[in-house]
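Trainee: Predicted structure and sequence below. I'll ask about it afterward.
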Amino acid sequence: MRYLKGVPGKGLYYHPSPHLDIVKYYNVDWVSDPIDRRSTTGYCNFVGVYLVTWRCKKQNVVARSSAEAEYKVMAHTACDLM
């Protein structure tokens, strides 16, 4: 999106659609790295059938449980949507 903002004349075209629901998907790979024990998280946001944002990141701190790791990625996804 930053690239498109900085390049006049370029953009994304969305066909008119009656279904413009906001849908989010996220996934957490809890303690995926046995060395540093940090989780890898990823999420993507759709408006209708169009992908608008996505991110994959290794968490900064070690989560104590898979529920904590999932809560963190849900919070980041909600902030990204806002």
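Mentor: That came through fine. Numbers count the residues shown, from 1 in each chain.
Trainee: contacts and neighbour counts: CA atoms only from here.
Mentor: Will do.
Trainee: Where does pLDDT dip in the protein?
Mentor: 1, 4, 12, 31-32 (pLDDT under 70).
Trainee: Now do the helices in it.
Mentor: For the chain, applying DSSP state H gives helices covering 2-6, 66-81.
Trainee: which one of these is the most hemmed in?
Mentor: helix 66-81 (a mean of 15; mean count of other C-alpha atoms under 10 Å).
Trainee: Quick one: list the elements packing against it.
Mentor: strand 22-29, strand 40-47 (3 or more C-alpha pairs under 8 Å, 6 or more residues apart in numbering; DSSP states H and E).
Trainee: For residue 50, give the beta-bridge partners.
Mentor: residue 47 (DSSP bridges).
Trainee: center of this structure - which residue?
Mentor: Centrality entry for the chain: nearest residue to the mean C-alpha point is residue 43, 2.8 Å, by C-alpha atoms, centre = their mean.
Trainee: Tell me how far that one lies from residue 55.
Mentor: 6 Å (C-alpha to C-alpha, to the nearest Å).
Trainee: Then residue 28?
Mentor: Computed with C-alpha to C-alpha, the distance linking residue 28 and residue 55 is 12 Å.
Trainee: Let me know whether the residue nearest to the centre of the chain touches residue 51 as I believe.
Mentor: No: the pair residue 43 / residue 51 is not scored as a contact, 10.9 Å apart, by C-alpha atoms under 8 Å.
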